[in-house]
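K.L.:
Have a look at this fold, sequence not included:
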């Protein structure tokens with residue numbers, strides 16, 4: 001990873017570059033922030049400069065995550081084929097990261113098609129790390145150990161890691177990456193130099209969207225505003241735009257059935273069928289759809305309350321009667337609707353049963369939309 005490939009974060013990039021140039025390299029550093037802010041890309045660019053200096057041939061190896069002195073550890077899964085060791089998944093992890101280094105842990109599980117399992121960094125992984133780092137470096141310089149999602153070390157692994165962190169081999173650099181530092185042992189935190197990675201500026205996301213997805217300025221600006229400084233969220237909105245028609249179709253079908261269900265019970269069967277179809281989607285697509293639903297309900301509320309200038313995404317699929325729909329969304333039900341969508345997204349992220357989640361959410365909407373405005 002090269003510095004110019006990182007989205008925004010100009011001040012932090014300059015600080016990290018200067019620390020390498022001036023040989024102010026702490027032996028243990030913790031990059032803290034959401035993956036979508038660029039924690040891993042920043043760490044990889046920092047490591048590339050540390051290992052390679054001005055050697056272009058060296059950069060080619062680090063860009064492919066194949067430098068002999070760069071070691072990667074990350075949450076892995078026990079399966080029928082493999083033990084939960086990074087070495088068993090390194091080929092898949094390289095492919096996953098090279099495609100997009102801003103991706104998060106749930107996308108990693110989706111990539112492995114193991115959405116219902118939780119990964120970990122085990123004590124066996126730590127034993128391998130210790131054995132590996134006690135060897136001499138291949139190039140004669142630094143040996144670098146990156147630990148992605150360091151908060152997922154189990155207790156035994158964390159205690160094992162603490163020992164090598166307290167007495168590291170010469171010329172060894174540890175880079176820990178975490179979203180939730182509170183889950184890391186305080187004794188490990190106290191031995192790391194912390195690097196806070198904050199949200200990306202809207203202007204930088206807007207520029208990147210135009211360059212990487214060829215979006216026009218208006219669309220890029222809208223997505224950058226919604227992205228909350230997170231490149232992953234911005235990419236989700238781009239995917240949502242590509243899936244707009246399909247999402248509209250399923251949203252309209254769900255809401256029509258929810259409105260009609262109190263009058264005709266056959267529409268409950270329609271909600272059941274709808275929930276089964278949505279449950280078959282990938283977890284990331286389900287989460288994107290729930291975001292789309294939340295935004296659509298918010299837009300309906302705004303227009304219902306005469307804030308039409310703020311409405312930029314009314315539904316148009318199959319001549320949907322948007323004006324009729326917005327009358328069902330008001331102050332007496334919007335809080336419950338959004339809460340239900342948010343909880344559904346949370347349960348999906350935590351590997352809940354999607355059939356149960358979407359059916360429960362689908363049926364509850366019939367009650368919310370039937371509620372009269374106070």
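P.N.:
Received, thanks. Worth saying up front: this structure is predicted, and the values here are computed from it rather than measured.
K.L.:
looking at this, residue 341 is in a helix?
P.N.:
Yes: assessed by DSSP: H, G, I helix; E, B strand; the rest coil, residue 341 belongs to a helix.
K.L.:
Who are the packing partners of the lowest-mean-pLDDT helix or strand in the chain?
P.N.:
Between all helices and strands in the chain, the lowest mean by mean pLDDT, DSSP states H and E belongs to helix 56-63, at a mean of 79. Applying 3 or more Cβ pairs under 8 Å, 6 or more residues apart in numbering; DSSP states H and E, one finds that helix 56-63 contacts helix 39-52. For glycine as for every other residue, the C-beta is placed from the backbone atoms N, C-alpha and C.
K.L.:
How far does the helix it packs on sit from its chain's centre?
P.N.:
On the basis of Cα atoms, centre = their mean, to the nearest Å, helix 39-52 sits 20 Å off its chain's mean C-alpha point.
K.L.:
what does it contact?
P.N.:
Identification of contacts with helix 39-52 by Cβ atoms under 8 Å, 6 or more residues apart in numbering yields 1-3, 5-7, 9, 12-13, 16-17, 20, 25, 31-33, 58-59, 62-63, 65, 67, 69-70, 97, 101-102, 139, 141-142, 144, 146, 148, 173, 175, 177-179, 195, 197.
K.L.:
same thing but at 6 Å, please
P.N.:
1, 3, 6, 16, 20, 31, 33, 58-59, 62, 67, 101, 142, 144, 175, 177, 197 (Cβ atoms under 6 Å, 6 or more residues apart in numbering).
K.L.:
follow-up on the earlier one: just after the least confident helix or strand of the chain, pick out the following helix or strand.
P.N.:
strand 70-73 (DSSP states H and E).
K.L.:
Note down every partner strand of that next one and its orientation.
P.N.:
Strand pairing for strand 70-73, determined by DSSP bridges: strand 143-148 (parallel).
K.L.:
Show me what secondary structure element comes after the partner strand.
P.N.:
According to DSSP H and E, the helix or strand after strand 143-148 is helix 155-166.
K.L.:
quick one: contacts for residue 362?
P.N.:
With Cβ under 6 Å, 6+ apart, residue 362 has these contacts: 271, 275.
K.L.:
quick one: which helix or strand includes it?
P.N.:
With DSSP H and E as the criterion, residue 362 is inside helix 354-370.
K.L.:
Check which residues of that helix are buried.
P.N.:
Across helix 354-370, burial judged by 16 or more other Cβ atoms under 10 Å covers 354, 357-363, 365-366, 368-369.
K.L.:
Same check on stretch 112-127?
P.N.:
112, 114-115, 119-123, 125-126.
K.L.:
Can you report how many residues neighbour residue 37?
P.N.:
Residue 37 has 27 neighbours, counted by other Cβ atoms under 10 Å.
K.L.:
Might one say that it is in contact with residue 195?
P.N.:
No: counting by Cβ atoms under 6 Å, residue 37 does not reach residue 195; the two are 11.3 Å apart.
K.L.:
what about the stretch 101-250 of the chain, any weak spots by pLDDT?
P.N.:
115-116 (pLDDT under 70).
K.L.:
Show me where it has its strands.
P.N.:
Here the stretch 101-250 of the chain has its strands, by DSSP state E, counting those that start in this stretch, at 143-148, 172-178, 193-196.
K.L.:
Redo those as a markdown table? Include mean neighbour count.
P.N.:
Shown next, in a markdown table, are those (neighbours: other Cβ atoms under 10 Å):
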| stretch | mean neighbour count |
| --- | --- |
| strand 143-148 | 24 |
| strand 172-178 | 24 |
| strand 193-196 | 15 |
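K.L.:
Can you lay out the ones you listed as JSON lines showing distance to residue 261?
P.N.:
Output for those, formatted as JSON lines (distance: least, Cβ to Cβ, whole Å):
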{"stretch": "strand 143-148", "distance to residue 261": "45"}
{"stretch": "strand 172-178", "distance to residue 261": "45"}
{"stretch": "strand 193-196", "distance to residue 261": "49"}
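K.L.:
I'd like to know which of these is closest to residue 231.
P.N.:
Minimum separation from residue 231 across the strands of the stretch 101-250 of the chain (Cβ to Cβ) falls at strand 172-178, 15.3 Å.
K.L.:
what residue is smack in the middle of the chain?
P.N.:
residue 104 (3.7 Å; Cα atoms, centre = their mean).
K.L.:
pretty sure it contacts residue 35?
P.N.:
Yes: using Cβ under 6 Å, residue 104 is in contact with residue 35, at 4.1 Å.
K.L.:
got a list of what residue 345 touches?
P.N.:
Residue 345 touches 287, 290, counting by Cβ under 6 Å, 6+ apart.
K.L.:
correction: residue 126
P.N.:
Contacts of residue 126 (Cβ under 6 Å, 6+ apart): 157, 160-161.
K.L.:
TSV for these, including neighbour count and distance to residue 343?
P.N.:
Below are the contacts of residue 126 laid out as TSV (neighbours: other Cβ atoms under 10 Å; distance: Cβ to Cβ, whole Å):
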residue	neighbour count	distance to residue 343
157	22	32
160	20	37
161	25	35
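K.L.:
and those residues as TSV, adding distance to residue 189?
P.N.:
TSV is the format used below for the contacts of residue 126 (distance: Cβ to Cβ, whole Å):
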residue	distance to residue 189
157	15
160	16
161	12
